[in-house]
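Asks: coordinates for the following, if possible.
(chains A and B)
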Amino acid sequence: GDSVTQTEGQVALSEEDFLTIHCNYSASGYPTLFWYVQYPGEGPQLLFRASRDKEKGSSRGFEATYDKGTTSFHLRKASVQESDSAVYYCALSDLGGSNAKLTFGKGTKLSVKS
Amino acid sequence: NAGVIQTPRHKVTGKGQEATLWCEPISGHSAVFWYRQTIVQGLEFLTYFRNQAPIDDSGMPKERFSAQMPNQSHSTLKIQSTQPQDSAVYLCASNWGQDTQYFGPGTRLLVL
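Replies: Numbering: from 1, shown residues only, chains lettered A, B, ... in the order given. A predicted model of the protein is given here:
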């Protein structure tokens, strides 16, 4: 079945550090890829998505590029802020898109200190 | 514009009791999804409905768990004879035909 692997379980950074969270996926079809962010006491909220090879998604200074060749969708941000502290999930949706279930990675907890 | 509404936000039950969780999707959305979130397993898909019809329940435990969507404005997840291992955050999400899902805040279920 489909799967998503996030290498980092926890990341601790200082403000203005560069962030990379690695995400690799395995899917039988051509999935849409997502990054979601979850704050304490809330449900996950969409950061951005990408649906085709080489497409770059971005939001709030975060970005990731869909790479079908390496089956990756790594999250990056050039300069993190304390307010970016949260749990980040990489996810995919297969079966041609609309109304298909999401398969999530295990999540990466980002802690940023000022 | 209200987001996905889930009630109750917190529920404590004794082992063996029944728990019913409610979800009100965003108005106009045609699909409702249920997920379970635990520290160990992370976010797991349970089941989903489209236009109130059950489409995929491949993630639902075969016993004690059931879900319904009697009308377009709400869905319920029922757990019979709750067990401590059912303790989790249960998340509901909805969408209207795009693949982006919008999540509610979740119901935190604790089974003692």
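Asks: could you find the closest non-adjacent residue to A:Pro26?
Replies: Heads up, residue A:26 is Ser, not Pro. Distance criterion C-beta to C-beta, 6 or more residues apart in numbering or on different chains; nearest residue to A:Ser26, sequence neighbours excluded, is A:Ser3 at 4.8 Å. C-beta here means a position set from N, CA and C on the backbone, and glycine is covered the same way.
Asks: the one you found: neighbouring residues, count only.
Replies: Neighbourhood size, A:Ser3 [other C-beta atoms under 10 Å in any protein chain shown]: 12.
Asks: isn't it up against A:Asp94?
Replies: No. Using C-beta atoms under 8 Å as the test, A:Ser3 is too far from A:Asp94 to be in contact (10.8 Å).
Asks: overlap in contacts, those two.
Replies: A:27, A:103 (C-beta atoms under 8 Å, 6 or more residues apart in numbering or on different chains).
Asks: count of residues packed around the residue lying closest to A:Asp53 once chain neighbours are set aside?
Replies: In this structure, A:Asp53 finds its nearest non-sequential neighbour in A:Lys68, 4.1 Å apart by C-beta to C-beta, 6+ apart. Using other C-beta under 10 Å, A:Lys68 has 14 neighbouring residues.
Asks: look at A:Ser83 and give its secondary structure.
Replies: Assigned by DSSP: H, G, I helix; E, B strand; the rest coil, the conformation of A:Ser83 is helix.
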